[in-house]
Structure formats: structure tokens, C-alpha cells
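Visitor: Prediction below, plus the sequence it came from.
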Amino acid sequence: MDYRLEQLEDKKFEDLVNTICQKILGIGVFEFSEGKDGGKDGKFVGTAEKFPSETNDNWKGKFIIQAKFTSNSQASCSDKEFESLINLEIPKIKKLKENNEVDNYLIFTNRKFTGVKGERLLNKIKKETGLTNVEIFGKETINNRYLNQHRDIVKLFELDKHHIPFDFSDEEIKEIILAFKKQLSDITEDIKTKAEEVKYNFDNIEKEIKNEKNSLSKEYYENEILLRSYSDFSKIQLFLEDEKNSDLRDYYFDIASELGGLITIKRDNFVLFEEVFIFIYQKIIDGNKELNGGKRHIFTLLHYMYMNCEIGLK
């Protein structure tokens with residue numbers, strides 16, 4: 001489960017990190033009061049109970065714990081902003097090492113951890129500080145390795161209020177939407193003839209029954225799908241049929257298949273089906289300025305998938 005850690009505040013994230021460290025290092029973890037931390041938010045002295053594993057090779061000595069919080073859900077360890085934060089930490093780590101105050105340095109962040117850049121920053125810290133035992137934990141590790149395995153922490157910090165019901169390949173949808181927005185003015189059609197061709201089997205499907213099966217409200221269906229999106233369905237089909245968009249067409253069918261399966265499995269996380277549309281829409285646009293001016297096409301594409309019976313029950 002992907003918890004929306006960016007919805008926590010800075011201090012709350014620090015508390016979360018120290019609580020996780022109590023699980024993997026030991027109950028002796030204590031946190032520092034707010035203020036200039038000198039490169040430390042938490043501290044532990046001893047032998048780690050479960051880090052890096054539950055073997056006899058666990059790290060030992062003086063542990064310094066650092067939490068790096070961001071409210072940007074799209075933030076990554078490859079961002080220049082995070083690299084700048086690391087550059088500011090390095091002198092602090094060097095000073096701690098010179099004063100014999102640290103043997104192990106753990107950095108937790110709710111940013112995405114990107115392998116190549118993340119490892120490069122990790123090696124930079126080790127090289128410039130002379131400290132061997134250094135680790136950076138991104139939000140994937142925090143979510144998958146620690147929160148999903150420690151439901152008591154999830155309950156303590158009320159993280160169930162901040163979770164993503166399911167995750168998906170949103171980058172592929174973004175690429176399709178951006179290309180569709182760019183080509184839209186060039187897509188021409190004979191509306192009268194094309195309207196007859198582009199039925200997507202609508203006449204053969206009892207839409208009222210489909211909507212009832214999927215708990216899609218009549219108001220949403222009429223006001224959002226029919227009134228706002230339906231007129232662009234033929235343009236989406238022309239866009240996908242164009243051979244120059246063959247790669248994007250493959251993306252479309254991949255993501256439609258992925259979303260179809262995920263929605264089936266995670267449907268109980270939502271009451272009405274329009275909530276599914278809104279969740280996917282918000283997940284795609286979150287922090288993405290490239291989609292400005294084309295956000296409406298996200299709903300159009302999702303409605304097209306629904307009406308084409310690629311997502312939702314038939």
C-alpha cells in the first residue's frame with residue numbers, strides 16, 4: 001500500500017521515522033527536540049536488532065537518524081533540491097565523525113528513491129565523510145518494508161487516512177494525454193458519418209445496467225460522460241488508429257488492461273465508480289505542470305475506457 005506521506009507535516013514525519021527505527025534498531029532510539037539538529041533527528045547506541053537484516057552482521061555503534069520531508073508527492077531523490085540537502089548534510093556528518101559521535105548514518109525521506117542517482121548520492125556521502133555505514137531510505141522502502149509490515153505504526157499515525165488505494169503506470173497515461181492534446185487540432189473528421197462508425201458497441205450494451213453494476217450515478221453519467229466527454233470519443237479513436245501513434249496505442253491498451261485489473265481487485269475501496277475516475281485523475285495530475293491546459297482529456301480518456309468496457313464491469 002502506498003501511503004500519502006507528503007500529507008504529513010515535517011515533525012510528524014520525524015516522529016514516524018523514529019518510530020520505525022525503534023522497530024529496526026531497538027527501543028533505545030530517542031529523538032531530539034525541535035531546533036537546529038546539527039544533522040540529527042534521532043539517535044541510537046548499540047547493536048541494531050533488525051538492520052540491515054536479522055542476522056549476526058547487523059550494524060552496531062552510534063546511529064544518527066535523519067528525516068528529510070517534502071510535501072511534494074512527485075519529489076524524487078534525483079531532484080536537485082534533494083542533492084542540495086545532501087550537500088548541506090555532508091559537513092554535519094563530517095563534524096559528527098570527527099567528534100566520534102557517529103558510526104552509522106540513516107537518512108529517511110518520503111521522496112521516490114531512484115536507483116542510479118540515489119546510489120550516486122549514497123557513494124558521495126561515504127566518500128566525502130569517510131563513513132562506511134550510510135543508507136538512504138526512500139518512500140518505497142518506508143511503505144513496503146516497514147509500514148506494510150507494521151500495521152501498529154500505520155494505526156498510531158492514522159496513515160490509513162493517507163493511502164493510495166492502488167498504484168498504476170501513470171506516466172504512460174500522461175504521455176498519451178500530452179500527445180493527444182498536441183494533435184487534437186489536427187484531427188479532422190466528418191462528424192455525421194464518423195458518429196455512426198464510432199459506436200464502441202454502445203447500442204448493444206444496456207448502459208443503465210452497466211452503470212448499475214458499477215455503481216456509477218445517473219447524474220455523473222449524464223453530466224460528465226455524455227455531456228462533456230462523449231463528443232471527443234471519435235477523436236480519441238482516430239488518434240489511436242493513426243499509425244504514427246502506434247507506440248501510444250500500445251501504451252493505451254497496456255494501461256487499460258492494468259487499470260481494468262486493479263479496479264476489479266480494489267473496487268471495494270470506493271463507493272461510487274466516479275470516485276475511481278476522480279482518484280485516477282488526481283493521481284495523474286498531482287504535481288504535474290506539463291498537463292496544464294489538457295487535464296480535461298484525462299477524464300475523457302478514462303470515460304472512453306469505461307464506455308468501451310475496458311474498465312469496469314460489462
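Guide: Structure received. Residues are numbered from 1 along each chain as shown.
Visitor: what's the longest helix in the chain?
Guide: In the chain, taking DSSP state H as the definition, the longest helix is helix 246-266.
Visitor: Assign a three-state SS to residue 223, would you?
Guide: Here residue 223 is helix, with the state taken from DSSP: H, G, I helix; E, B strand; the rest coil.
Visitor: ok, now the one 5 residues further on?
Guide: Residue 228 falls in the helix class when you classify it by three-state DSSP.
Visitor: quick one: it and residue 297 touch, right?
Guide: No. Contact criterion Cβ atoms under 8 Å: residue 228 and residue 297 do not qualify, at 11.0 Å. No exception for glycine: its C-beta is placed from N, CA and C like everyone else's.
Visitor: which of these two has more neighbours?
Guide: Taking neighbours as other Cβ atoms under 10 Å, residue 228 and residue 297 compare with residue 297 leading, 22 against 13.
Visitor: In terms of secondary structure, what does whatever helix or strand the more buried one lives in contact?
Guide: When elements are assigned from DSSP states H and E, residue 297 belongs to helix 296-307. Packing partners of helix 296-307 (3 or more Cβ pairs under 8 Å, 6 or more residues apart in numbering; DSSP states H and E): helix 170-183, helix 233-241, helix 246-266, helix 273-285.
Visitor: Kindly state the pLDDT recorded for the closest residue to residue 167 other than its chain neighbours?
Guide: Closest residue to residue 167 apart from its sequence neighbours, by Cβ to Cβ, 6 or more residues apart in numbering: residue 2 at 5.2 Å. pLDDT recorded at residue 2 is 75.
Visitor: how near is residue 2 to residue 279?
Guide: 12 Å (Cβ to Cβ, to the nearest Å).
Visitor: ok, now residue 248?
Guide: Using Cβ to Cβ, residue 248 is found at 23 Å from residue 279.
Visitor: With residue 179 instead?
Guide: According to Cβ to Cβ, residue 179 and residue 279 sit 23 Å apart.
Visitor: one step back: could you export the helices and strands packed on helix 296-307 to CSV, including columns for distance to residue 87 and mean neighbour count?
Guide: Putting the helices and strands packed on helix 296-307 into CSV (distance: least, Cβ to Cβ, whole Å; neighbours: other Cβ atoms under 10 Å) gives the following:
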stretch, distance to residue 87, mean neighbour count
helix 170-183, 28, 18
helix 233-241, 45, 19
helix 246-266, 37, 16
helix 273-285, 31, 19
